[in-house]
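Enquirer: everything below, folded, please.
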Amino acid sequence: MNSPFSKERIIDGGIQISKNEQGEIVYSADLCDDLGHGTAVADSIINLIPECQLIPVKIICEGKLPDSDLMCAALRYVNEKLDCDIVNISAGVVCCTDREQLYNCCKELSEKGVIIVSAYDNGDAISYPAAFDCVIGVSGVRERYKIGHYWKVSGNNADFVGILREKRLFTLSKYEICAGNSFLTSEFVEKVAKIKQRGLESYQEIVQYLEDEASDVIERREYQNRQIPFEIKKAIVFPLNKEMQCLARFPHMLKFKIVDFYDAKYSPNVGLTIREICHVEDERTVKAVKNIDWEADFDTVILGHTSILSSAARVNYEEYIVEQCRKYHKKLYSCRDIRDLGEKLEGLEYYCPYVDPYKMPGFLKMHVIGCPVVGVVGTGSSQGKFTMQLGLRTSLEKQGYHVAQLGTEPTAQLFGMECVYPMGHESAVRVKGFDAVYELNCMMGYLQSLNPDIILFGNQANSVPFHVGGYQDYPVVQHELILGCQADAYILCVSDDAPVDYIKRTISYLEGVYSSKVIAIVLSSLKIGSRFSTISGERSFKSKEEMEEWRQSLKKEIEIPMISSEDNGYCEEVVNVIIDHFS
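Expert: Got it, this is the predicted structure:
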């Protein structure tokens, strides 16, 4: 069958842009369409705009989808070599490794008066350049509406949603039925061409015209990352429980000074030094909460979870701290979501991390993260996962890497972690199922927008069920976190109560959810004891000899690098494994 394209329609100047085996950009005059996709898109455009002339720029070669480098090379070629009015991009990059460079390429064309119309990914991932604010992004839905019906998407981006219709288009050597965002994009190219014929030329004018003609509006979610709304200069900490001890161990990661540590009157911590409790060089003594000098030189109270402590002591420590903060005009950072205190918070400057439910947007797109993502996960609790996350951040930053981080401990933002998902004790996460996955995906998208070299996140407790039992045995929220964060690699923390077959099952799960890899196992020296015990005994630790014996026995079963948390500089060892893996 003869091609429907005449020489008058396809003009000279086309090019193929691809990468060679060394990853270098190469240019070629070979425009043979080996898929038929580009030919079908061209046929769709010509059917709608018979008078147009097309200049083909081929970037999909041998079925390989373009990356950000190829897309940038193509846009630079258009900018420097071609004279055109509209650029139709029926392709996109979902895992974009250099959004800034790609955005700048699009912006330069837009400022020259060239209108870029780009298809979104058919799988509803956020794709580029469609998602940029200087590009007209096109997505489709399979709905029954009259021909020409389309929606504008709320927000600053020029995104539009149209009706996906099947089209009979010419591909390689025959006509086939085609449908998808690639072919819907040509309909918006036609709209742009007609608007230009009306004398409107600029991007802003054309977008405004399209918005005015839209049938309705589809809502998008503009994710707003919550930050601490006030500056902390000098703080006191109460109580000095497990979750708060990290504040004493990593003071160099805080942007404020901790003046004093306090605990309940009958806590065994009172009277001990920070060195004795946290094994760091700090000779300050932990004081009883009743001895707080509220007129002393501090501006903020960092309040940990107190429900168990209050129940045991029959004192509502939380309400006491809130009342005193209001009275003495102190700011409050609370690990628990204290909004339920209502009127008791009036006049108090406070912050607490939480994740509330939200209305699912009509324009629902998901981020695919373009930089390395590493998750710190475990086979149980009390393994030092949060401590390791802080250590990894410190070690990576010392080597000059830009780190972005999502923490699941309520103290995460105090250490500079950009996002917090407080899913641990007295969880302040009130989304479940896909809503939780979407929330986490939005957080990961926010972290990626900071242009980091690597993203870290940490999980709570175990990753897979140890056995079938009560509700507490099902790690549902952990599964949601793993789905939402899309790790490329995992650091697995293991304690001595985890049998080899359970460790293997955890590894299989982590490597099976996505195409991920467990790249290191960190052995905790803390002796957990029997998992089936309901009574916590005194904590004890394995000796170096016991740790080495354990490590050697696991090596016989599992061929993954194993690092002891008791080794000096173990976080540096883990960082070296991470760097080697992604190099």
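Enquirer: need the contact list for Glu406.
Expert: Let me fix one detail, which is that residue 406 is Leu and not Glu. Leu406 sits next to 412, 417-421, 440, 443-444, 447, 455-458, 485 when contact means CB atoms under 8 Å, 6 or more residues apart in numbering. In short, each C-beta sits where N, CA and C put it, glycine included.
Enquirer: wait, a strand at it?
Expert: Yes - Leu406: assigned to a strand according to DSSP: H, G, I helix; E, B strand; the rest coil.
Enquirer: and it, bridged to which residues?
Expert: Assessed by DSSP bridges, Leu406 has beta-bridge partners Cys419, Phe457.
Enquirer: for Ser553, state which of the contacts of Leu406 is nearest.
Expert: Using CB to CB, Gly458 is the member of those that lies nearest Ser553, at 26.8 Å.
Enquirer: ok, of the contacts of Leu406, which come out buried?
Expert: 412, 417-421, 440, 443-444, 447, 455-458, 485 (16 or more other CB atoms under 10 Å).
Enquirer: out of those, which comes closest to Ile578?
Expert: The closest of the buried ones among the contacts of Leu406, once distances to Ile578 are taken by CB to CB, is Leu456, at 9.3 Å.
Enquirer: my read: the closest one touches Val374, true?
Expert: Yes - assessed by CB atoms under 8 Å, Leu456 is found in contact with Val374 at 5.5 Å.
Enquirer: what do those two both touch?
Expert: Leu392.
Enquirer: and Asp488, what does it touch?
Expert: Here Asp488 is in contact with Pro372, Val373, Val374, Ser516, Lys517, Phe582 (CB under 8 Å, 6+ apart).
Enquirer: identify the residue nearest the last one in space, chain neighbours excluded?
Expert: Right, Phe582. Spatially, and ignoring its direct neighbours in sequence, Phe582 is nearest to Pro372 (4.9 Å; CB to CB, 6 or more residues apart in numbering).
Enquirer: next, count neighbours for the residue nearest to Glu166 when sequence neighbours are not counted.
Expert: Distances taken as CB to CB, 6+ apart put Ala179 closest to Glu166, at 4.7 Å, once the chain neighbours are dropped. By other CB atoms under 10 Å, 15 other residues sit near Ala179.
Enquirer: Ala179: what's it in contact with?
Expert: With CB under 8 Å, 6+ apart as the criterion, the residues that contact Ala179 are Leu164, Arg165, Glu166, Lys167.
Enquirer: which of those are buried?
Expert: Leu164, Lys167.
Enquirer: doesn't Asn104 belong to a helix?
Expert: Yes - the assignment for Asn104 is a helix, going by three-state DSSP.
Enquirer: flag the shaky bits of the chain, pLDDT-wise.
Expert: Applying pLDDT under 70 to the chain flags residues 1-13, 145-146, 529-539.
Enquirer: domains of it?
Expert: 15-218, 234-351, 373-582 (automatic domain parsing).
Enquirer: start and end of the longest one, how far apart?
Expert: Across its full length, domain 373-582 reaches 10 Å end to end, with CA to CA, to the nearest Å as the criterion.
Enquirer: thinking again about what came up before, ok, the buried ones among the contacts of Leu406 vs Glu190, which is closest?
Expert: Of the buried ones among the contacts of Leu406, the one sitting nearest to Glu190 (CB to CB) turns out to be Met444, at 36.1 Å.
Enquirer: for the closest residue to Ile228 other than its chain neighbours, what are its contacts?
Expert: Once flanking residues are discounted, Ile228 sits nearest to Tyr351: 5.1 Å by CB to CB, 6+ apart. For Tyr351, the contact set (CB under 8 Å, 6+ apart) comprises Ile228, Pro229, Phe230, Lys331, Leu332, Tyr333, Ser334.
Enquirer: in three-state terms, label the spatially most central residue of the chain for me.
Expert: Centroid-nearest residue in the chain: Met444, 1.1 Å away (criterion: CA atoms, centre = their mean). With three-state DSSP as the basis, Met444 sits in helix.
Enquirer: what about Met562, how many neighbours?
Expert: 18.
Enquirer: pretty sure it contacts Ser553?
Expert: No - using CB under 8 Å, Met562 makes no contact with Ser553, being 10.4 Å away.
Enquirer: now the contacts of Asp488 in a markdown table, with secondary structure, distance to Ser524 and neighbour count?
Expert: What follows is the contacts of Asp488, written out as a markdown table (DSSP: H, G, I helix; E, B strand; the rest coil; distance: CB to CB, whole Å; neighbours: other CB atoms under 10 Å):
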| residue | secondary structure | distance to Ser524 | neighbour count |
| --- | --- | --- | --- |
| Pro372 | coil | 25 | 18 |
| Val373 | strand | 23 | 24 |
| Val374 | strand | 18 | 29 |
| Ser516 | coil | 22 | 18 |
| Lys517 | strand | 21 | 15 |
| Phe582 | helix | 25 | 14 |
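Enquirer: which two among those residues are spaced furthest apart?
Expert: Of all pairs drawn from the contacts of Asp488, the greatest distance, 12.6 Å, lies between Ser516 and Phe582 (CB to CB).
Enquirer: what do those two both touch?
Expert: Asp488, Ala489.
Enquirer: which of the contacts of Tyr351 are buried?
Expert: Lys331, Leu332, Tyr333, Ser334.
Enquirer: okay, and the beta partners of the last one?
Expert: For Ser334, the beta-bridge partners under DSSP bridges are Leu303.
Enquirer: and the contacts of stretch 433-449?
Expert: 99, 126, 221, 223, 225, 355, 357-358, 360, 364, 366-367, 369-371, 373, 404-406, 418-419, 421, 429, 431, 455, 477, 480-481, 483-486.
Enquirer: buried ones in it?
Expert: 435-448.
Enquirer: turn these into TSV, including distance to Ile274.
Expert: Formatted as TSV, the buried residues of stretch 433-449 follow (distance: CB to CB, whole Å):
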residue	distance to Ile274
Asp435	41
Ala436	36
Val437	39
Tyr438	41
Glu439	36
Leu440	34
Asn441	39
Cys442	38
Met443	33
Met444	35
Gly445	39
Tyr446	34
Leu447	32
Gln448	37
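Enquirer: ok, now which ones touch Ile228?
Expert: So Ile228 contacts Tyr333, Tyr351, Gln413, Leu414 (CB under 8 Å, 6+ apart).
Enquirer: which SS class is it?
Expert: coil.
Enquirer: pop out the phi and psi values for it.
Expert: Main-chain dihedrals, Ile228, degrees, to the nearest 10: phi -60, psi 120.
Enquirer: CA atoms only: put stretch 476-489 into PDB for me.
Expert: Taking C-alpha atoms only, stretch 476-489 is exported to PDB below (Å, rounded to 0.1, in the frame of the first residue of the first chain):
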ATOM      1  CA  VAL A 476       0.200  -2.900  56.300                       C
ATOM      2  CA  VAL A 477       1.500   0.600  56.700                       C
ATOM      3  CA  GLN A 478       5.000  -0.600  56.000                       C
ATOM      4  CA  HIS A 479       3.800  -2.100  52.700                       C
ATOM      5  CA  GLU A 480       2.100   1.200  51.800                       C
ATOM      6  CA  LEU A 481       5.400   3.000  52.500                       C
ATOM      7  CA  ILE A 482       7.400   0.600  50.300                       C
ATOM      8  CA  LEU A 483       4.900   1.000  47.500                       C
ATOM      9  CA  GLY A 484       4.900   4.800  47.700                       C
ATOM     10  CA  CYS A 485       8.700   5.300  48.000                       C
ATOM     11  CA  GLN A 486       9.800   3.200  45.000                       C
ATOM     12  CA  ALA A 487      13.300   2.200  46.400                       C
ATOM     13  CA  ASP A 488      16.000   1.200  44.000                       C
ATOM     14  CA  ALA A 489      18.000  -0.300  46.800                       C
END
